[in-house]
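Student: need coordinates for the following:
(2 chains)
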Amino acid sequence: MNPKQNESNNALTGSNMKGEQQERIRLLLADDEQEFAATLLARLELRNFEVTAVANGRDAIAAVEKEMPDVMVLDLKMPDLDGLEVLAQLRRKFSELKVIILTGHGSFEAGREGMELGAFDYLMKPVDLNKLIEVVRDAHRQK
Amino acid sequence: MKWQQILGKLDVIIPESMRGPVDLSTKQRNYRQLKALLMAAMLTIALVPLLMVAGLSYYYYKDLLVNSEREQLEWQLDGATNSIEHMVASLKSAIQFTAKGDRYGELLDRGNLKTLLARMQYHYGFFADLGVIDANGIQQAYIGPYGLSGTDYHNEQWFREVTDGGVHISRVTTGFRKAAHFAVAVRAIDPVTRQLWVLRATIDATTLQKFIDTIKTAATDDVFLVDDKGILQTSSRFYGETLSQFSQEIPAGIRSGILDDGETVFEAIGLIDDTPWSVVVLKKHYLQQEEWQGFKRKLFFIVFGCMLASIMVIVVLVEKLSDMIRKADELQLSMLKEAEHTNKLASIGRLAAGVGHEINNPLAIIDQKTGFIEDLLLMGDEFEHKDMILQNLEGINSSVGRCKVITHRLLGFARRGENTLEPLQLNDVLVEVLQFLENSMVTKRITVDLNKNEELPRLISDKVQLQQIFLNIINNAIDAIGEDGVIAINSYEVAGDIRVVIQDDGPGMAKEVVAHIFEPFFTTKEQGKGTGLGLSITYGLVKKLGGDIVVHSQVGKGTAFTITLPIMNNQHEDADEPETE
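Tutor: Prediction:
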């Protein structure tokens, strides 16, 4: 990363950066909507997150098994494995994993089901980035 | 199957207005026709058997009366015949006793004959004269009021008959005597001379008349004797005096006849043995006139009364019945309309949810892309129009925000899965929802007057959905009030249901607004503030939980939403789901 970006990072992340000088949070983003995932990834990286993006459920599970992320952001509707199923499988193996559900197809019930399966929070697209970051930090803190 | 085919055929007869229940597509039932048909059918069922029974009783009773009358007449005829025969027999035996064969010589003596007549008149009273006739038909001796001694009878029919048959009773005639009489002649044989002789006694016809008069009874209208030529032997009430013509033919038996004045009578004729006479008993039809008239009167009153009663009952019944049908139809129609309305809301809901899905994801991309551009601009150097671009991006952001509110609401229609039912305390749900809204109410200086019934029973329902319902309605109340106001919430139990009334003291709504309040995309809030989906979703949720929601509003006073929820949730949606506990 060039210094310019680092400087800008500070501008985007605001005072938080200075207040709690933290290690970079490692995020796993599972979403089949490429445009969305790519943009979100770029924006999160701008804000000093280490983001890995996967486009389906199997890859998501594989990615977690390969390297445990700090926080996982999970879409519910994906082509191979349903998000809730991914969540259930991962929570069984890695009970400490923090998962934030972020979906565009959500319904009240799906959200509640996710929460029952042990998701940390449930957010609906389109989501305010600051809100997402806030929740991610919360999840990370509680880790 | 066959039975149904027959019923199917019947459909042709039954007019459309009486077939099946009403629905929204069929045209209005014709109640006037329905009423007329019901009336006709019921009148037919009630009156036809009544009239048939009445008619049958009329004819059978009449028949019975005629038969019993005929029987009675037969009886009377028998009686009359018997007594006349008896009288004739005694008359004959008296004369036969007198005409002992060996008394011929004795009786030729006028003195003896006179003594005999006197003795007979003393015993019987009705002998007019007495004559002794020899074998040649010459009257040898005669005692009586007329000078008939020496009259030659040998050419007379009766003389031949008596010499052949032994006894002869004559018709009533006037004969030589010029007064109505009849004669009884008996044959005897003188044992000495072996000559036959005849004793002939004449009897006044009035004697016969008197006798007939004694056997007349109140039960008969006329009794008289006729001879074999149809000449009256005694007087008749209807046919005149003695010796008038009655009829040419005298057949024995009973038949109906018609009198000169047109009255129908029974005519019973019986032959009297060994005489030229027949007895005729006449009886007007229906001796039991009284009885018959009484019966007819009673029958008429009963039939008329029954008809009147059944017509009255039928009229009232048909009136009530058609009224009930009309009311049932109205109820059904309104229910169908409501169901249609609910269906409409549900399908709009599904459509809305679908649209929400499709738009939400591209919207999320636009949102991220805009944000990314903003990020890049904030990091980069100043350049011409940078501020302008940032300003426009802000515009896109706020539009995305507006769209987001709508798509999120639309997605609220998407009901994945079924209700998750659990026993819960409604008051707790209300408290939780109010905690959630506390901040916004404090800023707007809105107070809540929560009047929860502490003894409220727990109900089986879906907690999250209940939260959403109350959140929507209380939010709605907050929006209606704006600032400074009170929201009153009351919960209580009503006959197996739990009812929550949420009332605000906001500006209230007009009737036209209330009518559309649960329709999707209907909103009174200024553009951009409301999606018009909140109450629509709420309505769907309440219905899904088997409850009901009603709104009352008065302009200037406020609005009250009444939500009624069943304590036991047994809606059909969950019927096929296994019990969770």
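Student: and chain B, what are its domain boundaries?
Tutor: Per the record, chain B has its domains at B:68-284, B:290-395, B:417-574, by automatic domain parsing.
Student: and of these, who's closest to A:Gly111?
Tutor: Closest to A:Gly111 of the domains of chain B, according to C-beta to C-beta: domain B:417-574, at 8.9 Å. Backbone N, C-alpha and C define where each C-beta goes, glycine included.
Student: does that closest one reach chain A?
Tutor: Yes. Applying C-beta under 8 Å from any C-beta of the partner chain, one finds domain B:417-574 in contact with chain A at B:Gly417, B:Thr420, B:Val464, B:Gln465, B:Gln468.
Student: count of neighbours near the spatially closest residue to the second one that is not a sequence neighbour?
Tutor: With C-beta to C-beta, 6 or more residues apart in numbering or on different chains as the criterion, B:Thr420 has its nearest non-adjacent residue at 5.4 Å, and that residue is B:Asp462. Per other C-beta atoms under 10 Å in any protein chain shown, the neighbour tally for B:Asp462 reads 21.
Student: on the three-state scheme, A:Ala53 is what?
Tutor: Counting by DSSP: H, G, I helix; E, B strand; the rest coil, the backbone at A:Ala53 sits in strand.
Student: JSON lines for the domains of chain B, including distance to A:Ala38?
Tutor: Shown next, in JSON lines, are the domains of chain B (distance: least, C-beta to C-beta, whole Å):
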{"stretch": "domain B:68-284", "distance to A:Ala38": "119"}
{"stretch": "domain B:290-395", "distance to A:Ala38": "9"}
{"stretch": "domain B:417-574", "distance to A:Ala38": "30"}
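Student: let me have these in a markdown table, adding mean pLDDT as columns.
Tutor: Putting those into a markdown table (pLDDT from 0 to 100) gives the following:
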| stretch | mean pLDDT |
| --- | --- |
| domain B:68-284 | 83 |
| domain B:290-395 | 87 |
| domain B:417-574 | 83 |
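Student: tell me where chain B has helices.
Tutor: B:2-13, B:31-98, B:104-108, B:110-123, B:157-165, B:205-215, B:289-379, B:386-411, B:426-443, B:463-481, B:511-516, B:534-544 (DSSP state H).
Student: as TSV, the ones you listed with mean neighbour count would be great.
Tutor: As requested, those are exported to TSV (neighbours: other C-beta atoms under 10 Å in any protein chain shown):
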stretch	mean neighbour count
helix B:2-13	9
helix B:31-98	15
helix B:104-108	17
helix B:110-123	14
helix B:157-165	16
helix B:205-215	17
helix B:289-379	15
helix B:386-411	16
helix B:426-443	15
helix B:463-481	21
helix B:511-516	12
helix B:534-544	22
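Student: quick one on the thing from earlier: spit out the contact partners of the residue nearest to B:Thr420.
Tutor: B:Asn419, B:Thr420, B:Leu421, B:Glu422, B:Leu545 (C-beta atoms under 8 Å, 6 or more residues apart in numbering or on different chains).
Student: state the pair within those residues that is farthest apart.
Tutor: Spanning the widest gap among the contacts of B:Asp462 are B:Glu422 and B:Leu545, at 12.3 Å by C-beta to C-beta.
Student: ok, so what distance separates B:Ser93 from B:Val184?
Tutor: As judged by C-beta to C-beta, to the nearest Å, B:Ser93 and B:Val184 stand 10 Å apart.
Student: for the residue nearest to B:Ala364 when sequence neighbours are not counted, what are phi and psi?
Tutor: Nearest non-adjacent residue to B:Ala364, counting by C-beta to C-beta, 6+ apart: A:Lys125, 3.6 Å away. Note on A:Lys125: backbone dihedrals following degrees, to the nearest 10 are phi -70, psi 150.
Student: so which residue is smack in the middle of chain A?
Tutor: In chain A, the residue lying closest to the centroid (C-alpha atoms, centre = their mean) is A:Val73, at 2.5 Å.
Student: thought B:Leu51 was touching B:Val303?
Tutor: Yes. With contact defined as C-beta atoms under 8 Å, B:Leu51 counts as touching B:Val303 (7.3 Å).
Student: list the buried residues in stretch A:45-53.
Tutor: Using 16 or more other C-beta atoms under 10 Å in any protein chain shown as the test for burial, stretch A:45-53 gives A:Glu45, A:Leu46, A:Arg47, A:Asn48, A:Phe49, A:Val51, A:Thr52, A:Ala53.
Student: ends of that stretch, how far apart?
Tutor: 11 Å (C-alpha to C-alpha, to the nearest Å).
Student: what is the mean pLDDT for that stretch?
Tutor: Confidence over stretch A:45-53 (mean pLDDT, whole number) is 93.
Student: chain A contacts on chain B?
Tutor: Chain B has residues B:357, B:360-361, B:363-369, B:371-372, B:375, B:378-379, B:400, B:404, B:408, B:411-412, B:414-417, B:420, B:464-465, B:468 near chain A, with proximity defined as C-beta under 8 Å from any C-beta.
Student: all set now, cheers.
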